[in-house]
Each structure stands twice: as C-alpha cells, then as structure tokens.
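Colleague: just need the structure, nothing else, for what follows:
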Amino acid sequence: MFDARYSIRSHVAGSLGVGNVGETVTLAGWVHRRRDHGGLIFVDLRDRSGLVQAVFDPDASGEAFVMAERIRPEWVIKLTGQVRLRPEGTVNPNLQTGEVEVIIASAEVLNVSETPPFEIDTAIETDETLRLKYRYVDLRRPEALDALILRDRVTQRFRKSLEHRGFIEVETPILGRSTPEGARDFIVPSRLNPGEFYALPQSPQLFKQLLMVGGVERYYQIARCFRDEDLRADRQPEFTQVDIEMSFVTQEDVLAMMEEVMHEVMREASVDLVTPLRRMTYADAMDRYGSDRPDLRFGMELACLSSLFADSEFKVFASALGSGGRIKGINARGAGDWSRSKIDALNQIALDAGAKGLAWVAFPTEGDVRSPIAKFFTDEEMAGLKEALDVELGDLVLMIADAHDVANEVLGVLRLHMADELELEREGFEALWVVDFPLFKWDAEEQSYSANHHPFTRPFDEHVGSLEDHPLETLSYSYDLVMNGLEIGGGTLRVHDAALQRRILGILGHDESKAEEEFGFLLEALSLGAPPHGGIALGLDRLVMVLAGKSSIRDVIAFPKTSSGACPLTGAPGSVSSRQLRDVHLKRD
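Modeller: Residues are numbered from 1 along each chain as shown. So this is what the prediction gives:
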C-alpha cells in the first residue's frame, strides 16, 4: 500500500488504471524506455510498482517536451500530468496499466545516469558476475525485485503465523563459541582476548535450547547463519533460517503446527499446500529414491533385484551378494536408444558417486537387447528383470551391485541425472516429511561415529537402553521438510536430560573432559530443570527460491556471493592492514 503523505509522488506508476482517468498525478521513477514518434515522445516510467506510459505532446507539455528530447534510459525523473484512456487500438493487455497513459504537463530531471553496464530488459542473459557487480542495477529488473517482494511477504507471514500461535521473537548472539556442529566455522579474532576467537553461528541451536531451559517456551527468530563450506546453487556462506523451538511438545505437535504455518506461508505465493503432508521414513526414502530428500514429482523408483539374481553367473552380482550387498536398479524410460558413448558417460557418474561400476541393459525400440552383461542372464532372469522394472521397448535399465547404502545413493544420483537428461516434467509442488533418521552415521574416513542431524538429537525412547551396543541401529525423533527434492527445513526433538546427552557425546568421541570443555554450559543447563523441547529450522532463502521458481538462492538474496564466496560488488573478501592485524594479535605469514 502506497502512502502519498511521505513522498514527493501522489501515486506510484503501477497503481494507475481506469479509475484514475481525469486525475492529475505526480509520479517519480526511472526511464525504462523512450520512443520518439516525431510529433510525440513516449516514455515508459518505472518504479517498484510497475510501468506506466507517459506521453509528451509539444502542445500540452511545453518545456517538459524539450526535456523529454534529451532524457535517456535509467535517468531518474519526476512527472506531473493527467491520466487519460489510451486511444482505441493502442491498449497494451500485457501491461498492468495498459488501458491508460499520462499526458505530461511538467517534468523534472532528478538525476542523470551514465549508460548502464547492461540493459535492464536483457539483464537475465548477462554474465552473472557482471550482474552481481552491479547488483543495484540488476535489482531494477521487475523479475529480481519481485523475488525480494515475495521474500518479504513470506517472511512477514512467518512472523504473523508464529505470533498467532504464541511464539515470541528473540535474537541470539552472532559472536559465540566454536562448537562442533557439522560444518566449518567462520572465526573472528578477539582484540580484547589475545589469541582467542569467536565463531559466527552455524545456527542458533544451543541458544534456542537454553531459551527453552529459561522458560521462553515458544521462540522463533529470522536468524542469520554462517557456514564456511563449499558453495552450490542452493547454498551461500551466509544465509537465513526461520528458527523455531517449542517446549512441552511431542514430535506430532511440532509437525502439526508446522503444517499449519507452512500452509499459510505458501498461500502468500498462491500455492495451496495440501495437508496433512505425506510422511516417509528415512529408510524408505533411501530404499525407494536413493535420497533422504526425494523429488516425488516423477517416478523412476529404485527396485531391489537381489532375489532375482540370487544365483546369477555374473561374477560382479555374485560377489556383491556374497559380501552382504544388494543389487538395485532403475528404469530410465526413453533412453533405450542411447548411444554406447552416452551410456558409458553414466558409468563415470556412478564411479564419481562411489560405485565400483554400472551395469546396464538397453531395450531399443527395434526390439534387440543391448548390453555387455546380458549374455550372463538366463531367460528367467531377463524376464524377471523386465517384470520387476516394468520394462518396455525404448527403456534403459541401470543397475548397481554394491553395499546397500552405496547402491541406494548412487542410483539416487543417477535417477536425478536421468530426469534432467530425459527432461521429465517436474511441475508443481510436492512436499513431504522424511522422519525417523538414524541418530548416528559411521564416518569411514575418520573411523568414528558422527551425528546424523546434530549431537543434541533425542533418540527413540525404546532405543535409549541400547545406545552404546547398537549405535547405528538407534533411530531418533527427527524430521526433514522436503519440497521438490530439496530439504527446506530440518528439526528434531532435543535431548533434555544431561546424563543422556553425556552418553551421546561419549559415543561421538567426546570423553568427559572434552564434553565439559565444549558443552559444559549446555550440560549444566540441562541439569537445572530443562523441559522436553524440540523444533525446526527452515531455510528461508531456499524456500523462497522454490516458491519463486528460481534455480539458485542467489536470485532471492539482495546481495549474494558468487560460487567462490566472493562479492563482486564490494570486493569482499579483501585484505586488511598490518595495523588491523596487530590490533587482534595476528601477523601475516
């Protein structure tokens, strides 16, 4: 809503319509286009609300017409004139204000502009680094501005929805202590404490738990988070979470509340989220889709073929089964006529994903089976393969024989790759909860256990007694909100018992002294009357990216970093002076 009391304008450009005909209005904005038609000059004036056509007539505009002869794109101008209907046959149905125009009586140049580094209309085709260097120009594109407006609407809806449910917004520290939470910390040297460092928060995880111990009961925060990790399209070194925590709740309470909130939030983007959301266990998601964030907008589910090839003469299959592994496959419909070179490229993808190799059988449209391993299959095995994967002419079967987890994960990678290659339709919004994650996972490189979500996740009550004996079989009260193959948010019930928290830290390799050193403040808090509590953190950037139909979160952040973590606009990160280093007790190598 535009409030003219606080502006040099009486209206904004995009608000004008038939109801304003006959009114005298004052507008201000940027010159989007200028067209000289001899006797008349037309200027499309742009502001945040949209475009309107301004007409400069030498008979009606006077000195303003002289100004119109020299203005150029991206000049900032102020116009006053009367709204009128466009002449018959000139209505622009593609423009919000396309039925009217403003006949200009007076005009003022507020500022001139040098030739922009790229045309606003064609900026989307401009090199991204150039667009980010001149991001303030790039943001003038309606598409870019619309993404920020959507982000604001989504953020405000979160605030209103959570306030309505009794949550209060609390800020937590940015300068904190480095704790092992899974990713690498950004660290900040302390001038007042020589040789010591703060860490920027990867999340407000520990502080929001302390707020629950403090009796806040229902907390949220639009929280800035920082992680020093490799970047990709849906990841930035600094990002925003909608961080939520609740006391005296079960997992069902958290999920039910979040479904209501998400329904209201997504309605801001004209998306009707159908609730209750479907649920899938972590084990089922990995078994069927090879991912704990499955994209359900297309099929191509994984099938277990172990029993079918239990007596296979193919040594690779027999070896995998003999060592306790699995044989699993997917049917890439429509790829049966692919060339050998294209299929061999899939083998490299499988190797890069951790497999020892890829087995394949192609069923071209002409009917002849193509495969380097088909000669090892009996007629019964070939018939069983076709039945298990519902094979038709033109299909390509891809198989992995390996450890169960490896087979799932590699086929999950191939499933997404083939969906891209085959241009499978992935429209709309498919959301679900993935639940019941294992509490621990085994880090083969470090030869130790690590936390699947974080070290403060509460295990299933019935698994607490066997924690130390069967850590990899321990399931947890944990849940991820997945949408269109992306993790939009993740949460858990938290450990609220200090003794149990010490046991979990012990399995993760923290002896008593190390646990006290790194988490002593949390353990002490848990021993002073901590209530049962749990929550969730949602990636605001990632959610808005999905709702806006973008492929990168950089498109929904005002001033994002590149994939190398650099800011082309400001030149960050940059060097600092020797004096600055001395002040924080550091020196150059």
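Colleague: helix, strand, or coil at the spatially closest residue to Phe429 that is not a sequence neighbour?
Modeller: Once flanking residues are discounted, Phe429 sits nearest to Val271: 5.6 Å by Cβ to Cβ, 6 or more residues apart in numbering. For the C-beta atoms, the positions are set from N, CA and C on the backbone; glycine is no exception. Using DSSP: H, G, I helix; E, B strand; the rest coil, the structure places Val271 in coil.
Colleague: longest single helix anywhere in this protein?
Modeller: Assignment by DSSP state H gives helix 142-164 as the longest helix of the chain.
Colleague: quick one, phi/psi of Leu475?
Modeller: With angles defined as degrees, to the nearest 10, Leu475 sits at phi -100, psi 160.
Colleague: how far away is it from Thr115?
Modeller: Noted for Leu475: a distance of 62 Å to Thr115, by Cβ to Cβ, to the nearest Å.
Colleague: could you pull out the strands for the stretch 251-400 of the chain?
Modeller: Secondary structure of the stretch 251-400 of the chain (DSSP state E, counting those that start in this stretch): strands located at 278-281, 303-304, 326-333, 359-363, 395-402.
Colleague: okay, these, which one's buried deepest?
Modeller: Scoring those by mean neighbour count under mean count of other Cβ atoms under 10 Å gives strand 395-402 as the most buried, with a mean of 26.
Colleague: tell me which residues in the helix or strand following that strand are buried?
Modeller: Note on strand 395-402: by DSSP states H and E, the next helix or strand toward the C-terminus is helix 404-421. Neighbour counts over helix 404-421 (16 or more other Cβ atoms under 10 Å) mark 404, 406-419, 421 as buried.
Colleague: pLDDT of helix 404-421, averaged?
Modeller: Across helix 404-421, pLDDT averages out at 97.
Colleague: what does the helix or strand that that helix is followed by contact?
Modeller: Next along the chain after helix 404-421, taking DSSP H and E as the criterion, comes strand 431-435. Residues outside strand 431-435 that contact it (Cβ atoms under 8 Å, 6 or more residues apart in numbering): 251, 255, 262, 273, 277-282, 285, 292-294, 296, 478-484, 488.
Colleague: among those, which ones are in helices?
Modeller: Per DSSP H, the contacts of strand 431-435 map to helices at 251, 255, 262, 282, 285.
Colleague: and these, which is closest to Asn331?
Modeller: Ala285 (18.9 Å; Cβ to Cβ).
Colleague: and the gap between the closest one and Asn408?
Modeller: Ala285 is 9 Å from Asn408, by Cβ to Cβ.
Colleague: for Ala320, same thing?
Modeller: 13 Å.
Colleague: now Lys587: which helix or strand?
Modeller: Counting by DSSP H and E, Lys587 is found in no helix or strand.
Colleague: so who does it touch?
Modeller: So Lys587 contacts Leu581 (Cβ under 8 Å, 6+ apart).
Colleague: mind running it again at 10 Å?
Modeller: 578, 581 (Cβ atoms under 10 Å, 6 or more residues apart in numbering).
Colleague: what's the answer for Asp497, then?
Modeller: Contacts of Asp497 by Cβ under 10 Å, 6+ apart are 458, 464, 503, 526-527, 530, 532.
Colleague: Lys375 now?
Modeller: Contacts of Lys375 by Cβ under 10 Å, 6+ apart are 313-314, 369.
Colleague: how close does it sit to Ile327?
Modeller: Distance from Lys375 to Ile327, by Cβ to Cβ: 17 Å.
Colleague: ok, now Glu229?
Modeller: Counting by Cβ to Cβ, the gap from Glu229 to Ile327 is 34 Å.
Colleague: same deal with Pro532?
Modeller: 43 Å.
Colleague: and what of Glu101?
Modeller: Counting by Cβ to Cβ - Glu101 and Ile327 are separated by 69 Å.
Colleague: do Asp352 as well
Modeller: 20 Å.
Colleague: Asp390 and Arg333: what is the separation?
Modeller: Taken as Cβ to Cβ, the span from Asp390 to Arg333 is 9 Å.
Colleague: shared neighbours of those two, anything?
Modeller: With contacts taken as Cβ under 10 Å, 6+ apart, Asp390 and Arg333 have Gly299 as neighbours in common.
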